[in-house]
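> Quick one: sequence and predicted model below, then my questions.
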Amino acid sequence: MTSTTNDSRPITILWATQSGRAKACARRTIRLLHSSLGITPNNIQGQCSFDDFGADRFLSLGQHQNSLLLMFVSTTGDAEQCTSIASTWSKLLSKSLPHTTFQNCQFALFALGDRAYGPDAYCAAGRKVAARLNQLSAIPICTLGYGDDGSLNGGVFADLDVWLEGQLFPTLKAMIGGGQLKLLDASCSSSLDEKEIKMYTVKAIRQADAAEKDNVALHEWQNEIYQQRYANYFKHSCPTTAYQYNGDLKRTVTSNANQLDCKTPPLLGRVSVNNRITADDWIQNTRHIRINVLSSMKGDMTTLSGASVTELPYQAGDVATILPSNPSTLVSRFLSVLPTAIRSIADDTIHIQYNHHHTQTSMNNHPWPQYCTLRGLLTHCADIQSLPEREDLFALSSFCNPNHEDGNDHREKLISLSETSGAALYGDYIIREKRNWVDVLYDFDSIRFEEGGVKLTLEDLLSLLPSLAPRHFSIASSPSFIQMNQSPTVSNGFALELCVAVVEGSTPFGRPYTGCCSKYLESISPCSDQTTSDGSDVVRLWIHPGSFSNLPLDIRENPTPHHYFTTPVLYVGAGTGIAPLRSLILEREAIMMKNGATSISSSATTVEDNGDGNEDNTLVFGCRSKAKDYYYGEEWEEFVTTKRLRMIPAFSRDQKVGKLYVQRALREAGGGSGELIVQHILEHNGAVYIAGGSKMARAVKDEIVEALTNTLGNEKTAKKLLNKLKRTGKFSIEAWS
């Protein structure tokens with residue numbers, strides 16, 4: 001049933017995603033809603049993440065009569081919510097919300113996860129959102145959908161199609177037929193086929209001169225002509241929970257709830273240290289990077305009222321979010337596979353106008369900078385290194401020129417790649433061979449074929465390309481430790497350190513690939529410049545809380561250098577998971593040194609010397625080889641020598657027989673059978689922090705649960721205890737895939 005009046009009922013579509021799969025599921029669903037049920041874009045609102053939609057706006061949906069929510073929710077880490085729903089989820093859990101908050105709301109939810117992580121963690125985030133909405137009186141219109149990464153023939157997308165065809169679409173069709181779902185008639189706005197309104201209108205307003213064309217846009221976002229436009233664009237990438245800083249780079253805190261989620265332009269810094277910390281002949285290139293934060297980018301700023309400043313610029317365990325740029329060589333290659341009409345204006349200033357009433361369904365990008373060059377946009381804003389999603393390939397299919405000898409064949413191939421039935425083909429062509437936007441446009445050259453007229457315009461290209469997503473890195477430094485050792489030559493700002501594994505390798509067919517942000521950071525030459533006015537090595541970043549925000553720092557009544565803090569901490573990590581753990585360990589050491597305590601020098605505490613199980617800091621760290629990738633090994637050995645750290649290493653490839661991983665090292669420490677775990681948690685009331693890959697984190701957590709179960713008598717009691725520790729900040733996991 002369609003309506004020409006204001007009694008129509010828009011569908012609000014939202015997602016929570018870490019890797020982009022939930023967003024990809026939403027994009028596919030929106031296209032199929034139109035093709036299968038005739039539900040046009042003018043009947044849909046949202047089309048963004050929960051936190052981009054806004055927590056307060058989300059809660060207000062329950063006040064509107066007959067609201068309909070369609071949600072796609074991924075699970076990340078240790079059965080946790082994704083960062084793109086963090087603020088909304090926090091408000092949803094508020095005990096002050098009345099149970100009738102969503103009494104006027106109906107919903108459908110598709111949850112994404114991986115069965116390999118066990119029944120408790122599988123799709124846990126989505127199940128929690130659905131359960132909370134039920135508690136607040138929202139009514140599901142169909143059964144919960146489950147998408148498993150490991151499903152055959154398409155992963156979560158195969159499961160999505162089954163859910164859409166078997167649950168959601170029949171329900172929506174019945175609601176439309178029965179009059180419960182009234183839609184706005186497409187003729188009231190525009191027809192997708194006859195009156196398509198494009199997302200962007202683009203005009204070239206100034207031609208570049210020869211000097212400008214020689215400058216390949218490395219500094220464009222710093223150019224005063226474009227700077228404010230870029231700053232306002234970059235604000236879209238700001239994490240919802242990012243800290244805010246005043247003009248003196250002092251971190252500000254406000255109690256004004258309306259200002260807590262204020263997005264800001266990035267901080268600006270320069271790399272002062274960029275050292276390889278793995279052996280030169282090792283397969284992995286891991287970098288220790290120090291960034292001096294020197295200023296912030298100016299845009300349309302929001303002034304915080306009633307804000308106070310904090311002593312430290314960030315907290316131990318926080319996360320740095322880095323916004324990378326694409327290398328100029330890749331940008332030039334991308335331009336070379338575009339139609340001549342687009343390529344020819346690459347260095348001209350263009351005016352990009354976003355059309356709010358557009359009818360295109362792309363959700364790939366934030367509104368681009370209003371004034372920039374195409375080369376600058378491709379360098380600093382568009383993620384041309386990313387792998388095109390299935391929906392991107394479907395969209396590209398309509399631009400294949402039938403006058404090209406392979407044009408029709410190209411169109412059919414792109415459509416096949418986009419369908420779930422072609423999942424194996426997509427996996428082979430895109431995923432395993434890591435073909436990015438440049439590769440796809442090169443292979444499907446009928447898109448740029450000019451005989452008979454090119455279909456792809458600059459407006460179309462800008463609606464298709466995804467925005468460059470910032471990358472998140474756990475900070476490896478302690479703010480207190482750095483302040484104590486700050487160089488007198490650093491007159492302003494503050495410093496932070498990262499531990500970055502550079503992503504690079506070859507595909508099964510020998511195609512080289514690299515990680516966008518890790519390779520960007522590796523390429524930056526360190527310098528001592530204390531300004532950020534120019535230079536291609538200026539880093540854009542934000543800082544926000546991580547998973548370890550409640551580090552115990554209470555001091556004992558009668559502290560000794562060996563037993564200084566009330567709460568001992570057990571740290572378990574592998575690979576670059578050492579970054580946040582190093583931050584936490586150094587923070588506790590800095591606090592001790594600030595208070596005048598000194599370390600005692602004595603014989604080393606080794607893994608064979610079990611101690612009393614009550615050391616301030618116990619680190620279980622796993623890597624492949626002590627000689628090759630023992631990150632910060634010299635620091636750990638020094639702390640061991642002064643008895644400020646008990647070190648339990650797990651060098652997996654240094655064993656004579658088999659391999660030793662952190663979970664086994666943890667189990668065998670302290671006498672074996674999980675004795676160290678039991679002593680630390682039950683006898684000494686210690687905290688446990690785990691960081692690294694999600695599979696490792698799951699294995700370590702299972703080891704802890706098993707050890708506690710053996711002592712407490714049953715698994716339910718053990719898990720209940722861990723949940724209690726989690727609520728008090730004494731058990732936290734920071735995991736990534």
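Done, it's in.
> What's the first helix or strand after the lowest-mean-pLDDT helix or strand in the chain?
Across the helices and strands of the chain, mean pLDDT, DSSP states H and E gives its lowest value to strand 2-3, namely a mean of 46. Using DSSP states H and E, the next helix or strand after strand 2-3 towards the C-terminus is strand 11-16.
> Could you check that next one and say which residues are buried?
Applying a neighbour-count criterion of 16 or more other Cβ atoms under 10 Å, one finds 11-16 buried in strand 11-16. To be clear about C-beta, it is placed using only N, CA and C from the backbone, and glycine gets the same treatment.
> Just name the closest of those to residue 170, please.
residue 11 (15.8 Å; Cβ to Cβ).
> Okay, and the beta partners of the closest one?
Residue 11 has these beta-bridge partners by DSSP bridges: residue 44, residue 68.
> That one contacts residue 39, doesn't it?
Yes. Between residue 11 and residue 39 there is a contact under Cβ atoms under 8 Å: 7.1 Å.
> Could you pull out the residues contacting both of those two?
Taking Cβ atoms under 8 Å, 6 or more residues apart in numbering as the contact rule, residue 11 and residue 39 both touch residue 33.
> could you pull out the strands for the stretch 401-550 of the chain?
With DSSP state E, counting those that start in this stretch, the ranges of strands along the stretch 401-550 of the chain come out as 471-474, 494-501, 504-506, 512-514, 538-544.
> which secondary structure element contains residue 146?
Assigned by DSSP H and E, residue 146 falls within strand 145-148.
> which intervals of the stretch 351-500 of the chain have sub-threshold pLDDT?
357-364, 487-491 (pLDDT under 70).
> Can you give me the neighbour number for residue 702?
Residues lying near residue 702 (other Cβ atoms under 10 Å) number 12.
> wait, is it part of a helix?
Yes. Assessed with DSSP: H, G, I helix; E, B strand; the rest coil, residue 702 lies in a helix.
> Okay, buried residues for stretch 318-338 please.
Buried residues in stretch 318-338, counted by 16+ other Cβ under 10 Å: 318-327, 330-331, 334-335, 337-338.
> re earlier: how far does the strand holding residue 146 sit from its chain's centre?
Taking Cα atoms, centre = their mean, to the nearest Å, one finds the center of strand 145-148 at 21 Å from the center of the full chain.
> The helix or strand following it - contacts with which helices or strands?
For strand 145-148, the succeeding helix or strand toward the C-terminus, using DSSP H and E, is helix 156-163. Counting contacts by 3 or more Cβ pairs under 8 Å, 6 or more residues apart in numbering; DSSP states H and E, helix 156-163 is packed against helix 21-37, strand 105-113, strand 145-148.
> Output the ones you listed as TSV; include the columns distance to residue 298 and mean pLDDT.
Shown next, in TSV, are the helices and strands packed on helix 156-163 (distance: least, Cβ to Cβ, whole Å; pLDDT from 0 to 100):
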stretch	distance to residue 298	mean pLDDT
helix 21-37	30	92
strand 105-113	38	96
strand 145-148	42	95
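> what's the most buried one of the ones you listed?
Counting by mean count of other Cβ atoms under 10 Å, strand 105-113 has the highest mean neighbour count of the helices and strands packed on helix 156-163, with a mean of 25.
> okay, the angle between that strand and helix 21-37?
130 degrees (axes from the mean of the first three to the mean of the last three Cα atoms, to 10 degrees).
> Need the CA coordinates for strand 105-113. CSV is fine.
Once non-C-alpha atoms are left out, strand 105-113 reads as follows in CSV (Å, rounded to 0.1, in the frame of the first residue of the first chain):
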residue,chain,number,x,y,z
CYS,A,105,8.5,0.6,17.8
GLN,A,106,8.7,-2.7,15.8
PHE,A,107,12.0,-4.1,14.7
ALA,A,108,13.9,-6.8,12.8
LEU,A,109,17.5,-7.6,13.5
PHE,A,110,20.2,-9.5,11.6
ALA,A,111,23.1,-10.5,13.9
LEU,A,112,26.6,-11.3,12.6
GLY,A,113,29.2,-13.5,14.2
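> ok now that strand, how far from the chain's centre?
21 Å.
> for the next helix-or-strand element following it, packing partners?
Note on strand 105-113: by DSSP H and E, the next helix or strand toward the C-terminus is helix 124-135. Judged by 3+ Cβ pairs under 8 Å, 6+ apart, helix 124-135 is in contact with strand 67-76, strand 80-81, helix 86-92, strand 105-113.
> Try it again at 6 Å.
Secondary-structure packing of helix 124-135 (3 or more Cβ pairs under 6 Å, 6 or more residues apart in numbering; DSSP states H and E): strand 67-76, strand 105-113.
> For the first one, what is the distance to the chain centroid?
Averaging C-alpha coordinates over strand 67-76 and over its chain gives two centres that are 17 Å apart (Cα atoms, centre = their mean).
> what packs against it?
Helices and strands touching strand 67-76, by 3+ Cβ pairs under 6 Å, 6+ apart, are strand 11-16, helix 21-37, strand 105-113, helix 124-135.
> Let me see the mean pLDDT of that strand.
Here strand 67-76 scores 95 as its mean pLDDT.
> list the buried ones in it?
67-76.
> I'd say residue 434 and residue 513 touch.
Yes. Under the criterion of Cβ atoms under 6 Å, residue 434 makes contact with residue 513 at 4.4 Å.
> Pull the distance from stretch 714-731 to the chain's centre.
Centroid separation for stretch 714-731 versus its chain: 27 Å, with Cα atoms, centre = their mean.
> Can you tell me what sits against it?
By Cβ atoms under 6 Å, 6 or more residues apart in numbering, the list of residues contacting stretch 714-731 from outside reads 550, 687-688, 705, 708-709, 712.
> what mean pLDDT does it have?
94.
> What residues sit buried inside it?
Going by neighbour count (16+ other Cβ under 10 Å), the buried part of stretch 714-731 is 718-719, 721-722, 725, 730-731.
> Repeat that for stretch 43-52.
Within stretch 43-52, the residues that count as buried by 16+ other Cβ under 10 Å are 43-44, 46-52.
> Between its first and last residues, how far does it reach?
Taking Cα to Cα, to the nearest Å, stretch 43-52 runs 19 Å from one end to the other.
> Give me the distance between that stretch and the centre of its chain.
Counting by Cα atoms, centre = their mean, stretch 43-52 is centred 18 Å from the centre of its parent chain.
> Any chance you could list what contacts it?
The contact list for stretch 43-52, computed with Cβ under 6 Å, 6+ apart, reads 10-16, 53, 84-85, 87-88, 183-184, 240, 363.
> Please apply the same query to stretch 267-277.
Contact with stretch 267-277 is made by 286-297, 524, 526-527, 529, 532, 538-539, 541, 631, as judged by Cβ under 6 Å, 6+ apart.
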